[in-house]
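Could you work out the structure for the sequence below:
(chains A and B)
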Amino acid sequence: MDEQDTQILSGQILDETMEITLVQLCQSCAVQAETIEAMMEQGILEPSGRRGRHWCFPYASVRRTSVALRLQEDLGVNLAGAALALELLERIDKLNARLRAIGPERT
Amino acid sequence: MEYKDYYKIMGVARDATQDEIKRAYRKLARKYHPDVSEEADAEAHFKEVGEAYEVLKDPEKRAAYDQLGAQWQAGQEFKPPPDWDEGFEFRGGGYTGAGGEAFSDFFETLFGQGFARGGAGAGAAFRMRGEDRRAKVLIDLEDSYQGATRKISLHVPELTGDGHVRTRERNLSVRIPRGIRQGQQIRLAGQGGSGLGGGEAGDLYLEVEFREHPLYRVDGSDIYLDLPVAPWEAALGAAVKVPTPSGIVDLKIPAESNQGRKLRLKKRGIPGKDAGDMYVVLQITLPPAHSEDAKALYQRMKEQLGFDPRARLGVS
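Numbering: from 1, shown residues only, chains lettered A, B, ... in the order given. Modelled structure (predicted):
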C-alpha cells in the first residue's frame, strides 16, 4: 500500500542556537518532567536558561534525551550508565569526524 | 511466510536457560543497538534480536514456539498448524519495550492475536497528540550548496482494525534547505504520528546525513579537498584550476609549499549565515621515472641539490 504525496514539504532547520522549553521537550520525547530532572541531575541535559518560570534547553537535548531513553530501555543500563555511554558516543563521533576530515589514505 | 529460528538468531541452544537467553540478548543488543553500533544493517539485526527475545524471554510464548517443533529451517516456507496455540494464554500482550515497531509476519501470525486481546486502551475515548517521529535522510554535499528536493520513504507502523501491526510505506518529497549541515535536523510540523481522539498530529524530524563524496570531505561547515600537485608547482609556485562544489576556481600555490600544506578558500565551505571555508590540502605527486630522460633529470637533482630528506632524523 503506497501513498504518494505529490506536495513538496518544507521544514525548519533546527540549528545549535535554537531552544526548546521543558514542556516541549517532555512532549517531544513523551516523558514526564521528573525524567528530564533526573537527566539534569546526571548531567545528561543542561538547561540553557529560563523562559518565564520554565527551563529552556538547547535543541540537541531532544536527541540526547531520546538516545538516553532508548539505551535505558533496550540495554537495561541505568541513567548513569546511559550518561557515560552518551559521553563516549559523542567522543567517538568527534574522532570519526576528525578522521573523515584527514582523509582515508592517511588514517 | 518464512519460518524464523529464534534460537539461531539469539545464538543459543534450544535447551538454553532463561538466564543464558537474557545474557545472549544483552550482548547482541549492545552489539546491534542503532544508537551505538557501527555494524552495517544494525537496525535490522536489532529488530530481529528484539523479536526473538520477545518470544524466548516469556516462558509461555517460548513453550508455544517450541511445540512448533525443531524440524523447521530458518527461511523455510511456514504455515502454523491449525489451533497450534490451543491451551496457551498470552497474558499482557507482547511488545514490551519494543516501542510499537512492527515485528515480522511470522511473529504477527503466531503472537499477534495475543497483542490484540491484551492490547492497552484500544478504542479508549481520550484525546492525545500524535507521537513525534524521527528518520534519517541521506543527501549529497551539492544539495547543501544549492538546495534540493529529495524523495524519502518512511516505514510507518500502523495498527490495523483487527489489532495487528503492519508497516506501511509512506513517500514524501522534502525541500532540503541550502546551507544544511551534517547532523542537523529538519522539523516537518504535523507529519509525525496521527493524534488520537482528534488530537493534533506529531512532528516528523529528519536528521540529515551526507553521502560520502568522491572528492570532498566534510567537517562541520568546512570542507576539504586533496589537490595533487607536481613537485615543481609546489617548489616554484603555480596558478592551477581547482574544483569546488560551487564551480571551478583559480588557486595560487605559493612557492616553496610543502606536502600537506593547507590553503584556505574563504567562504567556499557550506554556505549560510556563518559560511564555512574550503581547505585545499596539497598532495605532492612524483612524476614516474620510466623514461631515460626522467631518470637523467632525477639523477641531476640528486647530484646538484644536495638534499637530505632525513636530516631531522639524525641518521645521515
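
CA atoms for contacts and neighbours, from now on please.
Will do.

which residue is nearest the centroid of chain A?
A:R63 (1.9 Å; CA atoms, centre = their mean).

Counting by contacts, list what the host helix or strand of that residue packs against.
Taking DSSP states H and E as the criterion, A:R63 maps to helix A:60-75. Counting contacts by 3 or more CA pairs under 8 Å, 6 or more residues apart in numbering or on different chains; DSSP states H and E, helix A:60-75 is packed against helix A:22-29, helix A:79-102, helix B:18-32.

For that helix, output the C-alpha coordinates as CSV.
What follows is helix A:60-75, C-alpha atoms only, in CSV (Å, rounded to 0.1, in the frame of the first residue of the first chain):
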residue,chain,number,x,y,z
ALA,A,60,20.2,19.0,20.8
SER,A,61,18.6,17.9,24.1
VAL,A,62,15.8,16.2,22.2
ARG,A,63,18.2,13.8,20.6
ARG,A,64,20.2,13.3,23.8
THR,A,65,17.0,12.6,25.7
SER,A,66,15.7,10.1,23.2
VAL,A,67,19.1,8.3,22.9
ALA,A,68,19.3,8.1,26.7
LEU,A,69,15.8,6.7,26.9
ARG,A,70,16.4,4.1,24.2
LEU,A,71,19.7,3.0,25.8
GLN,A,72,17.9,2.5,29.2
GLU,A,73,15.0,0.7,27.7
ASP,A,74,16.9,-1.6,25.2
LEU,A,75,20.1,-2.3,27.0
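
relative orientation of it and helix B:18-32 in degrees?
150 degrees (axes from the mean of the first three to the mean of the last three CA atoms, to 10 degrees).

what does helix A:60-75 rub up against?
Residues outside helix A:60-75 that contact it (CA atoms under 8 Å, 6 or more residues apart in numbering or on different chains) are A:16, A:25, A:28-29, A:36, A:39, A:44-45, A:77-79, A:82-83, A:86, B:26, B:29-30, B:33, B:35, B:97.

Return the per-residue confidence for A:L14.
For A:L14, the pLDDT comes out at 79.

Would you map the strands across chain B?
Shown for chain B, the strands assigned by DSSP state E span residues B:133-139, B:148-159, B:165-176, B:185-188, B:204-210, B:216-219, B:222-229, B:238-244, B:247-253, B:262-265, B:278-284.

The fifth one - contacts with which helices or strands?
Contacting strand B:204-210 under the criterion 3+ CA pairs under 8 Å, 6+ apart are the following elements: strand B:133-139, strand B:185-188.

same thing but at 10 Å, please
If you count contacts as 3 or more CA pairs under 10 Å, 6 or more residues apart in numbering or on different chains; DSSP states H and E, strand B:204-210 packs onto strand A:12-14, strand B:133-139, helix B:141-146, strand B:185-188.

so can I have JSON lines of these showing distance to B:G11?
Below are the helices and strands packed on strand B:204-210 laid out as JSON lines (distance: least, CA to CA, whole Å):
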{"stretch": "strand A:12-14", "distance to B:G11": "42"}
{"stretch": "strand B:133-139", "distance to B:G11": "30"}
{"stretch": "helix B:141-146", "distance to B:G11": "41"}
{"stretch": "strand B:185-188", "distance to B:G11": "37"}
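
can stretch A:90-104 be found next to chain B?
Yes: applying CA under 10 Å from any CA of the partner chain, one finds stretch A:90-104 in contact with chain B at A:I92, A:K94, A:N96, A:A97, A:R98, A:L99, A:R100, A:A101, A:I102, A:G103, A:P104.

Next up, the contacts around B:I284.
Contacts for B:I284 (CA atoms under 10 Å, 6 or more residues apart in numbering or on different chains) come out as B:226-235, B:257-261.

can you list the strands of chain B in CSV and add mean pLDDT?
Listed next are the strands of chain B as CSV, based on pLDDT from 0 to 100:
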stretch, mean pLDDT
strand B:133-139, 86
strand B:148-159, 81
strand B:165-176, 83
strand B:185-188, 89
strand B:204-210, 89
strand B:216-219, 92
strand B:222-229, 95
strand B:238-244, 97
strand B:247-253, 95
strand B:262-265, 96
strand B:278-284, 96
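
what number of residues lie near residue 60?
I went with chain A, as the question did not name one. 18 (other CA atoms under 10 Å in any protein chain shown).

wrong one, chain B
Quick note: B:E60 (other CA under 10 Å) scores 15 neighbours.

Residue ranges in chain A under the pLDDT threshold?
Where chain A drops to pLDDT under 70, the residues are A:1-6, A:103-107.

Appreciated, that's everything.
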